[in-house]
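Q: What would the 3D arrangement of this be:
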Amino acid sequence: MTYTRWTLRTEHTSYTVRLSPDGPWAELDAWGPLGVEDGPSALDWSHRTHFITPADAAPAEYLPYGLRPFTGSELIAGDERGVWWEFDGAEQTEGTLRLAFTDERTGLRTVLCYETVPGTDVILRWTEFTADRELRLERLDSAAVNIAVTGPARLTYLCGQWSQEFQLTHLDLERGTFGIGSLQGTPGHAYAPWLAVRSGDAAYGIALEWSGNWHITAEAEPGGAVRIRAGRVPHEGAVLLAAGETLATPRLACAFSADGLDGLSRVWHRYERRLTGDRLHRTRKVLYNSWEATGFDVDAAGQLELARTAADIGAELFVVDDGWFTGRADDTGGLGDWYPDPAAFPDGFDRFVADVRALGLDFGLWVEPEAVSPGSRLHAEHPEWVYRVEGRPSRLVRNQLLLDLGRADVQEFVLATLDRLLGTYDIGYLKWDMNRPPTERGRPGAGPADLDAEHVAGYLRVLDHLRTAHPDVTVEGCAGGGGRIEHATIARTDVVWPSDNTAPMDRLRIQHGFLHAHAPHVMSSWVTDAPGILDPRPRSLAFRFVNALCGVLGIGADLRAWTPGQRAEAARWIARYKEVRDVVHLGEARLLGTPDDTSCGVQYDHGDRTVVAALSTGRLDGAPLLTGRPDRLRLRGLDPAARYRDTASGAEYGGAHLLHHGLPFAWSADHDADLVVLTRRQDAYVSSKLTL
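A: Next up is the predicted model:
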């Protein structure tokens, strides 16, 4: 049978779509390593159906309710809720594909869009809608993704809660439907908008680029396939598409690796390095943040004392967190009135900033521009700026309300506020936090609105302005920890904050999940004094540093309470981090083991250097290891014929030895973490031969 087919190729993969012979829709023919399309499709089916339509059984790329009435559609539109379309042509260039479908009765034109990302194995997919009359869109997913599997669909996703984000979780889905999402106006703490599906050694992944409400649904279908649908979820239940207007859905990034979840993680890392663009090559400075030391008790003298100590141990950036502005003695007031508290900074805030910079430190500031306190001057002047429902009470969450960032006047206020702060004071770092989801989400008197999308557009507009107007300012994205981390945010910020939980064993598990989906150069991680919340097992200061330097190193402990010995040890770790951070941020990362193993870590390869951050997760009294026998971490991706030298000890290892037996680590109560730097010898390894 002859099909009309289109193939998109990335660095290592092929993605082939065909026009179905059974109806007016596109369906997946093949997705996998380069050349996978050369042969019969693994997603082909008998084309005989019982009690469902052919479209319901097909591996369709995108179908409306009407054509696919029973097994899940991506589009529900119009008063009849159904669309019956016809194919209206294809446009393909190198790296792009556009497939158009039209429905004469509704006047709707739907275009399925594809774009490869150079230098990666990621294909972006989204959908564009245009109508010649006003049309109600009740469901408007970004794409459907079809994956051939053998046996149950092996799903991996990231779930959790506040202080326990990014928990790597696995599920075998033999039949039925699995769903994750958020209605909190952000991706949320409960689930990340990311999903992986494994079949044998191959791993397929998707990630939704959307900062608002969203869903991902996976359905295991008969015949050895799983079909994933992903997209935004309108707050109002539907979106009104105006006549002549074109609406584009959020982009869905689709990735493939033949090397399982670990290989898939490196695909995502490469993609996020590309999203960062030229900012990738800026040095990510060692940060000190004063929040855990002082809380809301912020004053110039106390902050400068911390800044001096931070500079002494090698920090390069000092960030004043919450509590620096007027009316902010606790979390009940001040938000919205973004002016430094004159009582806390009696010589002026500009003098305070200059004093910090005189220590050789860059200066940063915390803000939460979407939030407002009920007792603030801003709220008194503009009560109409908060989300509210006429005649209904407004609930406080964290003693605050949320500004309607979808409003142009609120956006202008936020832009003016940030421009004023960044233009008045010598600020090189901005931490944008968001601690309150929208509850009474309404805009009285405004008529029909798409509040969720408008808030997202306002948020991204402000970030885009920061990048353009203040290109040298480093921007950190935070939402009560990891509540708003996805590709739209990552593309516009420099680092993100995965969790407010900085306890050593808890953080290890958070970062293990995070690094499956996101790159080390965006992962802000602090060394603090926090005890375990979920896993209270104590770990050394070395463990906290090795764990934190797996991303972008920061310190948040109360340095005033540290002993001279602890400060000296911290200075040594910071110095070591500075020697290897280019490898950590620019290299290829490999996840070694899991937090459930007695040893785990992360391997980073860049040029001729390999950095291994190794951590003991088991008991520290020698058990369950045999006395005198070290634990080992098997490395990956090395040249088996090369030799590798430990720059600290001088020990040398053959590449094959490190791949097969691994690096040895003799853990103890005094030694529960290590950082090993290996340099690859240029001369090939020649094994000795025993002469008989």
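Q: residues near the nearest residue to Tyr191 once chain neighbours are set aside, how many?
A: Of all residues beyond its chain neighbours, the one nearest Tyr191 is Ile180 (4.1 Å), with distances taken as Cβ to Cβ, 6 or more residues apart in numbering. For the C-beta atoms, the positions are set from N, CA and C on the backbone; glycine is no exception. Using other Cβ atoms under 10 Å, Ile180 has 21 neighbouring residues.
Q: give me every residue that touches Ile180.
A: The contact partners of Ile180, by Cβ atoms under 8 Å, 6 or more residues apart in numbering, come to Tyr157, Cys159, Ala190, Tyr191, Leu195, His215, Ile216.
Q: who's it bridged to?
A: For Ile180, the beta-bridge partners are Ile216 (DSSP bridges).
Q: how near is it to His518?
A: Applying Cβ to Cβ, to the nearest Å, one obtains 17 Å for the distance of Ile180 from His518.
Q: which phi and psi does Leu508 have?
A: Backbone dihedrals for Leu508, given as degrees, to the nearest 10, come out at phi -60, psi -50.
Q: ok, now Arg572?
A: Backbone geometry at Arg572, expressed as degrees, to the nearest 10, gives phi -70, psi -40.
Q: On the pLDDT front, check it for me.
A: Arg572 carries a pLDDT score of 98 in this model.
Q: That one: neighbouring residues, count only.
A: Arg572: 14 neighbours (other Cβ under 10 Å).
Q: OK, contacts around it?
A: With contact taken as Cβ under 8 Å, 6+ apart, Arg572 is in contact with no other residue.
Q: could you redo the last one with a cut-off of 10 Å?
A: Taking Cβ atoms under 10 Å, 6 or more residues apart in numbering as the definition of contact, the neighbours of Arg572 are Ile313, Gly314, Ala542, Phe545.
Q: repeat for Leu396
A: Thr332, Ser373, Pro374, Arg436, Thr439.
Q: pretty sure the second one contacts Trp338?
A: Right, the one you point to is Ser373. No - counting by Cβ atoms under 10 Å, Trp338 is not a contact partner of Ser373; they are 11.5 Å apart.
Q: Of the contacts of Leu396, select the buried ones using a ChimeraX command.
A: Buried residues within these, as defined by 16 or more other Cβ atoms under 10 Å, are selected in ChimeraX through the command that follows:
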select :373,374,436,439
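Q: circling back: what is the most widely separated pair among the contacts of Arg572?
A: Longest distance between any two of the contacts of Arg572 is 15.7 Å, between Gly314 and Ala542; criterion Cβ to Cβ.
Q: pLDDT below threshold where in this protein?
A: By pLDDT under 70, the low-scoring segments of the chain are 1-3, 46, 620-628, 683-692.
Q: the helices in it, which residues?
A: With DSSP state H applied, the chain shows helices at 54-57, 260-276, 291-294, 300-313, 349-358, 377-381, 408-424, 451-469, 487-490, 504-517, 541-548, 564-586, 655-660, listed in chain order.
Q: now those helices as CSV including distance to Leu173?
A: Written out in CSV, the entries for the helices of the chain read as follows (distance: least, Cβ to Cβ, whole Å):
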stretch, distance to Leu173
helix 54-57, 18
helix 260-276, 16
helix 291-294, 41
helix 300-313, 48
helix 349-358, 53
helix 377-381, 47
helix 408-424, 42
helix 451-469, 28
helix 487-490, 25
helix 504-517, 19
helix 541-548, 32
helix 564-586, 35
helix 655-660, 34
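Q: is it true that Val676 touches Val602?
A: No - judged on Cβ under 10 Å, Val676 makes no contact with Val602 at a distance of 11.5 Å.
Q: measure Gly532 to Val611 for me?
A: 26 Å.
Q: which residues touch Val546?
A: Val546 sits in contact with 504, 508, 527, 539-540, 573, 576-577, 601-602, 612-615, 672-675, where contact means Cβ under 10 Å, 6+ apart.
Q: Ile555 versus that one, what's the distance?
A: Taking Cβ to Cβ as the measure, Val546 falls 14 Å from Ile555.
Q: Kindly report the same for Asp596.
A: When Cβ to Cβ is applied, the distance between Asp596 and Ile555 equals 28 Å.
Q: What of His671?
A: Remark: distance between His671 and Ile555 (Cβ to Cβ) = 22 Å.
Q: Give me the more crowded residue out of these two.
A: Neighbours of His671 and Ile555, each counted by other Cβ under 10 Å, are more numerous for Ile555; the result is 27 against 14.
Q: Thought Val286 was touching the more buried one, still the case?
A: Yes - look at Ile555 against Val286 with Cβ under 10 Å: they come within range, at 7.4 Å.
Q: Return every residue with contacts to both of the two.
A: Common neighbours of Ile555 and Val286, using Cβ under 10 Å, 6+ apart, are Ala310, Ile313, Gly314, Ala315, Ala548, Trp573, Ile574.
Q: could you redo these as CSV and give each row distance to Glu221?
A: Rendered in CSV, the data for these read as follows (distance: Cβ to Cβ, whole Å):
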residue, distance to Glu221
Ala310, 56
Ile313, 57
Gly314, 55
Ala315, 54
Ala548, 43
Trp573, 51
Ile574, 52
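Q: Confirm for me that His12 is in contact with Asp121.
A: Yes - contact criterion Cβ under 10 Å: His12 and Asp121 qualify, at 5.3 Å.
Q: More neighbours: the two, which one.
A: Neighbour count, other Cβ under 10 Å: between His12 and Asp121, Asp121 has more, with 27 against 15.
Q: Quickly note the distance from the more buried one to Ile228.
A: Distance of Asp121 to Ile228, given as Cβ to Cβ: 18 Å.
Q: what residues are up against Pro24?
A: When the contact criterion is Cβ under 10 Å, 6+ apart, the partners of Pro24 are Ala55, Leu63, Leu67, Trp84, Trp85, Glu86, Phe87, Asp88, Phe101, Thr102, Asp103.
Q: Separate out the buried members of those.
A: Of all the contacts of Pro24 considered here, the ones buried according to neighbour count by 16+ other Cβ under 10 Å are Ala55, Leu63, Leu67, Trp85, Phe87, Phe101, Thr102, Asp103.
Q: From the residues you listed, pick the one nearest Trp385.
A: Taking Cβ to Cβ as the measure, Trp385 lies nearest Asp103 of those, at 39.9 Å.
Q: hey, what's that closest one bridged with?
A: In this structure, Asp103 has the following beta-bridge partners (DSSP bridges): Leu108.
Q: got it, and Thr116?
A: Using DSSP bridges, the bridge partners assigned to Thr116 are Ile123.
Q: Check Gly554 too.
A: On the basis of DSSP bridges, Gly554 takes part in beta bridges with Leu287, Trp526.
Q: ok, now how distant is it from Thr116?
A: When Cβ to Cβ is applied, the distance between Gly554 and Thr116 equals 35 Å.
Q: and what of Arg636?
A: Look at Arg636 and Thr116: by Cβ to Cβ, they are 27 Å apart.
Q: Please apply the same query to Ser163.
A: Following Cβ to Cβ, the distance that separates Ser163 from Thr116 is 38 Å.
Q: Chain neighbours aside, what residue packs nearest to Ala449?
A: By the measure of Cβ to Cβ, 6+ apart, the closest residue to Ala449 outside its immediate chain neighbours is Arg443, 5.8 Å from it.
Q: residues in contact with the one you found?
A: Contacts for Arg443 (Cβ under 10 Å, 6+ apart) come out as 384-390, 404, 406-407, 449, 451, 454.
Q: Check the contact lists of His12 and Asp121 and give me the overlap.
A: With Cβ under 10 Å, 6+ apart, His12 and Asp121 have common neighbours Pro33, Leu34, Phe256, Ser257, Ala258, Gly263, Val267.
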